[in-house]
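Colleague: sequence plus predicted model, see below.
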Amino acid sequence: MSASEVMTPAQRREFDGFLSKHYVRAIKARGEARAAQLAAAVEEELAQKYEENAAQWAEAVEIAKKEIAEAEQKANDRVREVFAEHGLHNTKRMPSFQARYRWWDRGETFDSDRRQELRKVATAQAKLIAKAATAKAEEIAADVGGRALTEQWSWDRALAELRELPTLDALMPPLDSKEVHRIAREEHKTDRYGFLRGGGWPELIPGENEDDEAEGVDDEE
């Protein structure tokens, strides 16, 4: 490469200024807003509710209602039999079972404390992702700037490299809800079944504990 093709001092200053002042600063500034968006996406998931009358599980709902009613009837018939066996026939004094059907429209996140735990984890993780994105942008800027100097880039080559810099979306992927649940579980020391020690609710994540279900879980000594 001839000396005339190498960036001029003015071009070099413009190139370095873009990397440090525009690229890195933009990633840092926009990263904070992006972190809020990532946390908001998890918040939206936590607020998700599922209507009982949705067509996807209409059959399951009917099965549940029918089997609960049949179980209640069977249990109360047995109570009457026991009363009769003991010579008791005053049904007004007879105890009875009342099985109740109830639809939970949001799984484990119906518990406000659990939602708060997951919300805190999501917010913290989003901030960490933003911080990591800024650090990565600084690393990339240093690398690109160093190679431009040692390889004596031309202005055209420098512009081409700038066009290939990773975007904010590439540096800040969406939060993984499974990862949020996993971290919350570890931070609050849940047991092997997903229950928080000292109270709480089990993890309801598809794919979790598949090995236990497949092989069976041995009773602890």
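Modeller: Cool, got the structure. Keep in mind it's a predicted model, so treat the numbers as computed, not measured. Numbering: from 1, shown residues only.
Colleague: can we go C-alpha only for contacts and neighbour counts from here?
Modeller: OK.
Colleague: what's the spacing between the most centrally placed residue in the chain and residue 168?
Modeller: In the chain, the residue lying closest to the centroid (C-alpha atoms, centre = their mean) is residue 177, at 1.3 Å. To residue 168, residue 177 is 20 Å away according to C-alpha to C-alpha, to the nearest Å.
Colleague: re the thing from before, skipping adjacent residues, who's closest to the residue nearest to the centre of the chain in space?
Modeller: residue 42 (6.9 Å; C-alpha to C-alpha, 6 or more residues apart in numbering).
Colleague: what's the helix or strand for that neighbour?
Modeller: Counting by DSSP states H and E, the element that carries residue 42 is helix 25-46.
Colleague: list the buried residues in the very next helix or strand once past that helix.
Modeller: Remark: after helix 25-46, the chain's next helix or strand is helix 58-85, criterion DSSP H and E. For helix 58-85, a neighbour-count test (16 or more other C-alpha atoms under 10 Å) marks 61, 68-69, 72-73, 75-76, 79-80, 83 as buried.
Colleague: as TSV, these with distance to residue 116 would be great.
Modeller: Shown next, in TSV, are the buried residues of helix 58-85 (distance: C-alpha to C-alpha, whole Å):
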residue	distance to residue 116
61	29
68	33
69	36
72	37
73	40
75	40
76	41
79	44
80	47
83	49
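Colleague: can you list those residues in CSV and add pLDDT and distance to residue 48?
Modeller: Converted to CSV, the buried residues of helix 58-85 look like this (pLDDT from 0 to 100; distance: C-alpha to C-alpha, whole Å):
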residue, pLDDT, distance to residue 48
61, 88, 19
68, 92, 27
69, 92, 29
72, 91, 32
73, 92, 35
75, 91, 36
76, 89, 38
79, 88, 42
80, 86, 44
83, 84, 47
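Colleague: how about residue 138, what does it touch?
Modeller: 20, 24 (C-alpha atoms under 8 Å, 6 or more residues apart in numbering).
Colleague: the domain parsing of this protein - what is it?
Modeller: Domain assignment for the chain by automatic domain parsing gives 1-49+108-197, 53-105.
Colleague: how long is the last one from one end to the other?
Modeller: Just to be clear, that refers to domain 53-105. Domain 53-105 has an end-to-end distance of 11 Å (C-alpha to C-alpha).
Colleague: by how many degrees do the longest helix along the chain and helix 25-46 diverge?
Modeller: Identified as the longest helix of the chain according to DSSP state H is helix 112-150. For helix 112-150 against helix 25-46, the angle by axes from the mean of the first three to the mean of the last three C-alpha atoms, to 10 degrees is 160 degrees.
Colleague: quick check: what element follows helix 112-150 along the chain?
Modeller: helix 155-163.
Colleague: for the domains of the chain, which one ends up most surrounded?
Modeller: Neighbour counts (mean count of other C-alpha atoms under 10 Å) averaged over each of the domains of the chain peak at domain 1-49+108-197, with a mean of 16.
Colleague: averaged pLDDT, that domain. What do you get?
Modeller: Averaged over domain 1-49+108-197, pLDDT sits at 83.
Colleague: would you confirm that residue 152 contacts residue 9?
Modeller: No. Contact criterion C-alpha atoms under 8 Å: residue 152 and residue 9 do not qualify, at 11.8 Å.
Colleague: and the residue of the chain most remote from its centre, helix, strand or coil?
Modeller: Computed with C-alpha atoms, centre = their mean, the residue of the chain farthest from its C-alpha average is residue 87, at 59.3 Å. Following DSSP: H, G, I helix; E, B strand; the rest coil, residue 87 is assigned to coil.
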